[in-house]
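# below is the sequence, then the predicted model.
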Amino acid sequence: MDNAAYSTLTRQTGLLNEMRSVAQNIANMSTTGYRREGVIFSEFMQDLGPDHPALSMAAGRVREMDFSQGPLTKTDGPFDLAIEGEGFFLVATPQGERLTRAGHFARNAAGELVTPQGYNLLDGGGAPVFVAPDARGIGIAADGTISADGQPIGQVGLWAPADPNAMVRVGDTQFDPGGGTHPLIEGGVLLQGYLESSNVNPVIEMTRMIEVQRAYALGQSLLDREDERIRNVVRTLGSNRGISI
């Protein structure tokens with residue numbers, strides 16, 4: 001296989017990865033707290049000498065997360081929380097602590113605030129958030145302070161990753177912080193009775209999907225023509241040598 005085919009194959013692999021990310025984004029357009037995903041392409045270039053053109057190979061293997069603000073939807077749920085600005089909720093899972101922007105929580109029988117999967121929401125000190133089962137008049141302030149009948153009883157923590165580039169998506173709406181976390185001092189506020197929607201723009205994703213499909217089709221066409229060219233060369237050489245192919 002020559003350099004043109006190798007270059008095209010690496011590009012096709014990257015386009016396939018990008019199509020997967022587009023498909024995931026479209027599938028999660030309505031998922032609360034979902035963050036849009038993209039693919040970063042890199043290029044490798046090699047000088048092949050004065051008698052040959054330089055070899056250029058593209059690869060799309062790095063996943064990029066878009067953490068821009070998603071639209072806010074009013075629900076009036078007492079434990080529905082949205083973050084406006086920077087920051088994440090921190091939840092405890094069997095696999096370790098995870099960051100998320102999905103703020104749909106509920107109070108379990110023990111009085112702990114949990115995700116729909118049953119994972120504990122953590123406060124600013126890394127402990128489970130507790131709201132007594134008999135507490136009434138629940139209010140949650142912009143800084144996360146929880147009050148019952150006007151008396152403070154706890155606080156929802158706002159967190160940030162120590163290294164945003166080390167974050168790895170786990171599932172649809174949770175992230176492994178990778179390099180650890182720290183409490184967010186400023187930059188985000190909490191809104192009670194709201195949920196943050198997915199930040200996926202359906203029009204942009206559909207346009208992107210069409211562009212990737214066209215680029216992939218062009219690459220496949222080039223591979224087909226290159227394959228036919230090589231076959232013709234082999235047939236010609238075989239004919240000159242009296243070999244039937």
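In hand now; what should we look at?

# make it CA atoms for all contacts and neighbour counts henceforth
Will do.

# need the helices for this protein, in chain order.
Ranges of helices in the chain, per DSSP state H, are 3-27, 202-240.

# now do the buried residues in the last one.
Residues of helix 202-240 classed as buried by neighbour count (16 or more other CA atoms under 10 Å): 205, 209, 212, 216, 219, 223, 226.

# ok, the first one next?
Taking 16+ other CA under 10 Å as the basis for neighbour counts, the residues of helix 3-27 that come out buried are 5, 7-9, 11-22, 25-26.

# so what are the domain limits for the protein?
3-67+200-240, 72-196 (automatic domain parsing).

# follow-up on the earlier one: nearest to Asn120, of the helices of the chain?
Asn120 lies closest to helix 3-27 among these, at 26.4 Å (CA to CA).

# average model confidence for stretch 191-209?
Confidence for stretch 191-209, expressed as mean pLDDT, is 96.

# for it, which outside residues touch it?
Outside stretch 191-209, the residues that touch it by CA atoms under 8 Å, 6 or more residues apart in numbering are 19, 22, 25-26, 28-36, 68-84, 101-104, 139-142.

# and if we set it to 7 Å?
19, 22, 25-26, 29-36, 68-83, 102-104, 140, 142 (CA atoms under 7 Å, 6 or more residues apart in numbering).

# okay, the helices of the chain in CSV with distance to Glu97 next?
Formatted as CSV, the helices of the chain follow (distance: least, CA to CA, whole Å):
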stretch, distance to Glu97
helix 3-27, 24
helix 202-240, 31
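
# which one of the ones you listed lies nearest to Ala132?
With CA to CA as the criterion, Ala132 lies closest to helix 3-27 of the helices of the chain, at 37.1 Å.
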